[in-house]
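1. Sequence first, predicted coordinates after that:
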Amino acid sequence: MAIFENPRALVCASLTLTALPLSSAVAQAAQTQSPDADSLDPIVVTATLGPRTVGESLSSVTVIDEEEIEKKQARQFSELLESQPGINVVNNGSFGKSTSVFIRGHDSSGSVLLVDGIRLRSATTGAPAWQYLPPQLIKRVEIVRGSRSSLYGADAAGGVIQAFTLPQGQSPASGWVEAGAGNLDSQQYGAGFSLAESGTKVSVGTNYFRTDGAPVVIGGEDKDYDNRSSVASASHTFDNGARIAATFLNAEGSSAYEGGEMDFVIQTAGASLEVPITDYWRTLVQVSDSRDESDSFSSGSSIPSTFDTRSRSSRLENWLTLGTHEFVVGAERMTDQVDGTTDYDESSRDNSAYFAQALLNFGPTDVHFSVREDDNEAYGAHTTWGAGLGYQFDRSHRVRLSAGTSFRAPSFNDLYYPGFGDPDIEPEESTSYELGFEGRYTRWFWDVAVFQSDVEDLSLPSSSGADSVPEARLRGVEFASGLEMGNWDVKLAATLGDYEDDQTGDQLRRRAERSVRLDVDRELGAWSFGGTARAESHRYDDAGEEGRLPGYGLLDLRASWAFAPGWQAKVSVDDVFDNTYQTASRWTGDMYTSAGRTAMLTVRYDFLSE
């Protein structure tokens, strides 16, 4: 993914990073900051396609870095997202069961998931398989909230979540091994290494997690889950500044659910070539492939129901620098393919896109413009735009204002699924606005944002097929704050939303409108202690405010001990008070339920080569 010069701190970095996988881009851009750079204003690349600090991106962004991920000791990727600003997570049971992520009230299929810059989703459902992404191999997460279709095309109505796998190799070579066990007969094993030499960098990692699981529905039997995953990345820089890079992720396994079992595979692979044309112009070519495959076996049946989807894309970006201004002009082509036991009327579709972006800086004022034209053979042409204005009052305070349009593309199920697909369906369309204020200081920060999206034909997938709300209004207020003082690390996030059917005033199904999350960690020599407390308000499982699901509150605790050079023991206890809760119900009326109290003990060894 291309990266540009930061007018304040990244002038040199802009001409050296464009062909790297995004995980490496973030790492190298961060290295260009001065030693006393504010760690509470980190560099992000997802909001503007290239490196800007969170404050300069003119977007609402949450960053979950490597240190925080290691502290959380998550067993599911969704645990990192739950109750973050503007986010609702809905689980159909615990451990590898179907998961939906709502950003600012938009449906899960209206949120883009990127893995090292590669879009990962099911073409049949239109939504990512959030539940299968291995958090043990994720080292950074960037959550960008708000309209992003003018940069990423269809499905970026609610926002974009990007997961970065292992960072690029380093010298001297390093490696790690770890093993863990917990209740529910849970086990986890992992290993990896990285190295760098003569312009070549390589990182490889693997992880295995399995559990007997817990009941998926109230009163049900335990449902097991296993996930075998691996990641790899490599890059080489030539003497003339050209760079080639590649990245790969694969996760496969099985997950039992109420009424059957599913074998799954998710996979991403990509390669890029970046060439310096002049000192002010660089070109990037990127190709990628992503897969979402599943075989579902109903109880008592040996014949699977198969859904295999594949997305191939090629992308060209040209980055131009003019003083403190940056411009990008590019094109992208994506092909979706569907295969399996269900006979769709169409099995493939192509999407061609052209896009442009201008990032302008006039001293304390930043102006962003972006526009994109998508032409899809299934649902036609759509133009989206985005605009942002930011003003820096002083070193610590900034105001931002943004607006943009988005659309959610109809999935293959929406268009062609036998029995309820409609080939004439139009994409869901929305217009979004945001006003934000922030203060960033040496040791702490605060950020508050007011947002609203007006949506036409908001998709509401259900067990009986696709449904929609003709007009929806999604609005709210988000607050985030963080403090790093001495050995203390504290983060607070809160959301007050209003997600409603604009015609009836009813709260939209499965969206909790109030949430709060508090993370506190403390270092004490070789020891580290921490906890997460979070709560969400009630939600409704059915339209018309039917099927009320009560709110809940949870407490997770964690600790680690560096008991010898390179060695670390970690323990975590989630849902300490065993407050099982529900965020969705099954089509039979049975309530999907959480696992309750779970615990895990892990021992890890990190080593460096001599």
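-> Good, I have the coordinates.
2. ok, which stretches of the stretch 301-450 of the chain are strands?
-> Using DSSP state E, counting those that start in this stretch, the strands found in the stretch 301-450 of the chain span residues 305-322, 325-340, 348-362, 365-376, 380-392, 397-408, 428-440, 444-459.
3. for the longest one, what is the average pLDDT?
-> Across strand 305-322, the average pLDDT comes to 95.
4. What's opposite residue 339 in the beta bridge?
-> residue 308 (DSSP bridges).
5. For this protein, which segments count as helices?
-> Under the criterion DSSP state H, the chain contains helices at 22-31, 66-72, 78-81, 149-152, 412-416.
6. Lowest average pLDDT across those helices?
-> Here the helices of the chain differ in mean pLDDT, and the lowest is helix 22-31 at a mean of 46.
7. if I look at the spatially most central residue of the chain, how far off is residue 246?
-> By Cα atoms, centre = their mean, the mean C-alpha position of the chain lies nearest to residue 161, the distance being 2.6 Å. Separation of residue 161 from residue 246 (Cβ to Cβ, to the nearest Å) stands at 22 Å. Every C-beta, even on glycine, is put in place using the N, C-alpha and C of the backbone.
8. now residue 540
-> From residue 540 to residue 246 the distance is 45 Å (Cβ to Cβ).
9. Likewise for residue 402?
-> 34 Å.
10. So for the two, which sits in the more crowded spot?
-> For residue 402 versus residue 246, the count of surrounding residues by other Cβ atoms under 10 Å is larger for residue 402: 22 against 17.
11. got a list of what the residue nearest to the centre of the chain touches?
-> 81, 101, 103, 111, 112, 113, 114, 141, 142, 143, 144 (Cβ atoms under 8 Å, 6 or more residues apart in numbering).
12. Check whether the third one really touches residue 85, as I assumed.
-> No: using Cβ atoms under 8 Å, residue 103 is not in contact with residue 85; the gap is 9.7 Å.
13. Now do the shared contacts for these two.
-> Common neighbours of residue 103 and residue 85 (Cβ under 8 Å, 6+ apart) are residue 145.
14. Point out the least confident one among the contacts of residue 161.
-> Lowest pLDDT among the contacts of residue 161: residue 111, 91.
15. residues near that one, how many?
-> Quick note: residue 111 (other Cβ under 10 Å) scores 28 neighbours.
16. wouldn't it be in contact with residue 100 here?
-> No: Residue 111 is beyond contact range of residue 100, at 9.2 Å (criterion: Cβ under 8 Å).
17. Residue 529 versus residue 604, what's the distance?
-> 17 Å.
18. okay, these two: which has more neighbours?
-> residue 604 (18 against 15).
19. was I right about the more buried one contacting residue 176?
-> Yes: here residue 604 lies in contact with residue 176, judged by Cβ under 8 Å, at a distance of 6.3 Å.
20. Quick check: residue 61 touching residue 144?
-> Yes: contact criterion Cβ under 8 Å: residue 61 and residue 144 qualify, at 5.4 Å.
21. Give the residues shared as contacts by those two.
-> 44, 46, 47.
22. quick one: low-confidence parts of the stretch 501-610 of the chain?
-> 609-610 (pLDDT under 70).
23. That one: strands as residue ranges?
-> Per DSSP E, counting those that start in this stretch, the stretch 501-610 of the chain carries strands over the ranges 514-524, 527-536, 539-542, 546-549, 552-564, 567-574, 598-608.
24. Now do the buried residues in stretch 234-247.
-> Neighbour-count burial for stretch 234-247, counted by 16 or more other Cβ atoms under 10 Å, picks out 234, 235, 237, 243, 244, 245, 246, 247.
25. and residue 268, what does it touch?
-> Contacts of residue 268 by Cβ under 8 Å, 6+ apart are 115, 116, 118, 120, 247, 248, 249, 288, 289, 290, 291.
26. residues near the third one, how many?
-> Think residue 118. Neighbour count for residue 118, taken as other Cβ under 10 Å: 25.
27. Verify the contact between it and residue 290 for me.
-> Yes: in this structure, residue 118 is within contact of residue 290 by Cβ under 8 Å, at 5.6 Å.
28. Mutual contacts of these two, please.
-> 268, 269.
29. Can you give me the neighbour number for residue 174?
-> So residue 174, with other Cβ under 10 Å, has 17 neighbours.
30. hmm, I was thinking of residue 199
-> 11.
31. With the one 5 residues further on instead?
-> For residue 204, the tally of surrounding residues (other Cβ under 10 Å) stands at 18.
32. For it, give the beta-bridge partners.
-> Under the criterion used (DSSP bridges), residue 204 bridges to residue 193, residue 232.
33. which residues touch it?
-> 166, 192, 193, 194, 230, 231, 232.
34. which one of these sits closest to residue 501?
-> Set against residue 501, the nearest of these by Cβ to Cβ is residue 231 (41.6 Å).
35. For that closest one, give its distance to residue 251.
-> For residue 231, the distance to residue 251 - Cβ to Cβ - is 9 Å.
36. Which one's more surrounded, the two?
-> Shown here are residue 231 and residue 251; by other Cβ under 10 Å, residue 231 has more neighbours (26 against 21).
37. Next one: that one, what pLDDT does it get?
-> 97.
38. what ranges of this structure fall below the confidence cut-off?
-> 1-39, 461-467, 609-610.
39. For residue 530, see how far away residue 72 is.
-> For residue 72 relative to residue 530 (Cβ to Cβ), the value is 8 Å.
40. before we move on, what about residue 413?
-> 41 Å.
41. sorry, back to before: so can I have JSON lines of the strands of the stretch 501-610 of the chain showing distance to residue 90?
-> Listed next are those as JSON lines, based on distance: least, Cβ to Cβ, whole Å:
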{"stretch": "strand 514-524", "distance to residue 90": "13"}
{"stretch": "strand 527-536", "distance to residue 90": "11"}
{"stretch": "strand 539-542", "distance to residue 90": "8"}
{"stretch": "strand 546-549", "distance to residue 90": "10"}
{"stretch": "strand 552-564", "distance to residue 90": "13"}
{"stretch": "strand 567-574", "distance to residue 90": "18"}
{"stretch": "strand 598-608", "distance to residue 90": "19"}
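42. quick one: which of those strands is nearest residue 340?
-> Closest to residue 340 of the strands of the stretch 501-610 of the chain is strand 539-542 (Cβ to Cβ; 28.5 Å).
43. Parallel or antiparallel, which strands does the closest one pair with?
-> Going by DSSP bridges, the partners of strand 539-542 are strand 546-549 (antiparallel).
44. which residues sit against the strand it pairs with?
-> Against strand 546-549 from outside (Cβ under 8 Å, 6+ apart): 509, 538, 539, 540, 541, 582, 583, 584, 585, 591.
45. Many thanks, we can stop here.
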